[in-house]
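1. whatever this is, show me its structure:
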Amino acid sequence: RDVKASVDKYFIGGVNHIVYHGTTYSPANDPWPGWLFYAAVHFQPVHPFWKDFGTLNNYVARCQSFLQGGKPDNDVLLYFPFADKISSPGGREYLHHFDGMNGFDSTDFNNVAEELLHKGVSFDLISDRQLQKVLNSGSLLKTPGGNYKAIILANTKYLPLETLEKLNALAKNGAKIIVYKNFPAGPPGYYDLDKKQDWFTAIATTLKRSVIMGDEIMPMIAKANVPVETMSEMGLQCIRRQTASGKYYFILNSSGKPVNDWVPLASKAAAAYIFDPMLARSGRAKTKITDGKNFVYLQLQPGETCILLTSATAL
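-> Presented below is the predicted three-dimensional model:
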């Protein structure tokens, strides 16, 4: 149960290939508990759950068969404030490991990420180097991994000059830039700072005229016309992938109570098929459109997941 819950969190976070890191080999005739290693999972025949391990692996394989198909379908790029982190005192930390949100607990970057996650806004992080590869596609932001509707700067203090120039170029061509709370104050570092600061201020003056700026993230998300998966209000978490015919949804009931109701979707769903990756069942799902919004009927127990294949046209 605990391993499945962890696996589901990885799937919701965008991981689509699970590897059991460092599983320890232990000779069959070695006495219990066999050979152990502190940094490994102890999935061995000597453990009581071994007889159920195949069920878990089959579940993972079925989920991955969907999640490895299609392309990512997140809507927002959240800027990763690397310069802010390296410009702050390290305290007792000798070497910081940049793995996800580690070290950003008390920052607005973390707060915005948490709010987006809980309010049903799908996002990816983007670095300064990755941002240089972003192109305009109308009002969309085209990256090697997919298309996005907006970039968010979450109260970022320092911004490399090259990043500011890129954001300005994207904004001039119609990209939506959301600035939460404060606009960046200047470039990081002290090298040639006066010259860089003057150039930064000049570009920022132009860029500020076209950004969406405010102290509340969700109203700005709405102003940027970013879709919101409001199933989050029912305690459901999801991740989407784009396919040739529609969307794949991986949906997790994290509410702690059963869901037996019509669930709203941000995507068009003239038809939908539902797959149960644990019990290998599938069938056509009930769908409806009310006030222009798409709904699918779902029945999920606490901790249960399903995969939904939606189509904008009738199947």
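2. which parts of the stretch 201-315 of the chain are helices?
-> With helices called from DSSP state H, counting those that start in this stretch, the stretch 201-315 of the chain shows them at 217-223.
3. could you measure T163 against I151, distance?
-> According to Cβ to Cβ, to the nearest Å, T163 and I151 sit 10 Å apart. Every C-beta, even on glycine, is put in place using the N, C-alpha and C of the backbone.
4. same thing with V121?
-> For V121 relative to I151 (Cβ to Cβ), the value is 13 Å.
5. can you work out which residues contact both of those two?
-> Counting by Cβ atoms under 8 Å, 6 or more residues apart in numbering, the contacts common to V121 and I151 are V76.
6. could you list the low-confidence segments of the chain?
-> Within the chain, the segments meeting pLDDT under 70 span 91, 93, 315.
7. counting residues per helix, which one in it is longest?
-> As assigned by DSSP state H, the longest helix anywhere in the chain is helix 50-67.
8. now do that helix: everything it contacts.
-> Contact with helix 50-67 is made by 3-4, 7, 11, 16-18, 43-44, 239, 241, 248, 250, 275, 277-278, 280, 305, 307, 309, as judged by Cβ under 8 Å, 6+ apart.
9. put the alpha carbons of that helix into PDB.
-> Listed next in PDB are the C-alpha coordinates belonging to helix 50-67 (Å, rounded to 0.1, in the frame of the first residue of the first chain):
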ATOM      1  CA  TRP A  50       6.700 -10.900  -1.900                       C
ATOM      2  CA  LYS A  51       3.600 -12.800  -3.100                       C
ATOM      3  CA  ASP A  52       1.900  -9.500  -3.900                       C
ATOM      4  CA  PHE A  53       4.900  -7.800  -5.600                       C
ATOM      5  CA  GLY A  54       3.800  -9.100  -9.000                       C
ATOM      6  CA  THR A  55       0.400  -7.300  -8.600                       C
ATOM      7  CA  LEU A  56       2.100  -4.000  -7.800                       C
ATOM      8  CA  ASN A  57       4.500  -4.500 -10.800                       C
ATOM      9  CA  ASN A  58       1.600  -5.200 -13.200                       C
ATOM     10  CA  TYR A  59      -0.100  -2.100 -11.900                       C
ATOM     11  CA  VAL A  60       3.000   0.000 -12.600                       C
ATOM     12  CA  ALA A  61       3.400  -1.500 -16.000                       C
ATOM     13  CA  ARG A  62      -0.200  -0.800 -17.000                       C
ATOM     14  CA  CYS A  63       0.100   2.900 -15.800                       C
ATOM     15  CA  GLN A  64       3.400   3.300 -17.600                       C
ATOM     16  CA  SER A  65       2.000   1.900 -20.900                       C
ATOM     17  CA  PHE A  66      -0.300   5.000 -21.000                       C
ATOM     18  CA  LEU A  67       2.000   7.600 -19.400                       C
END
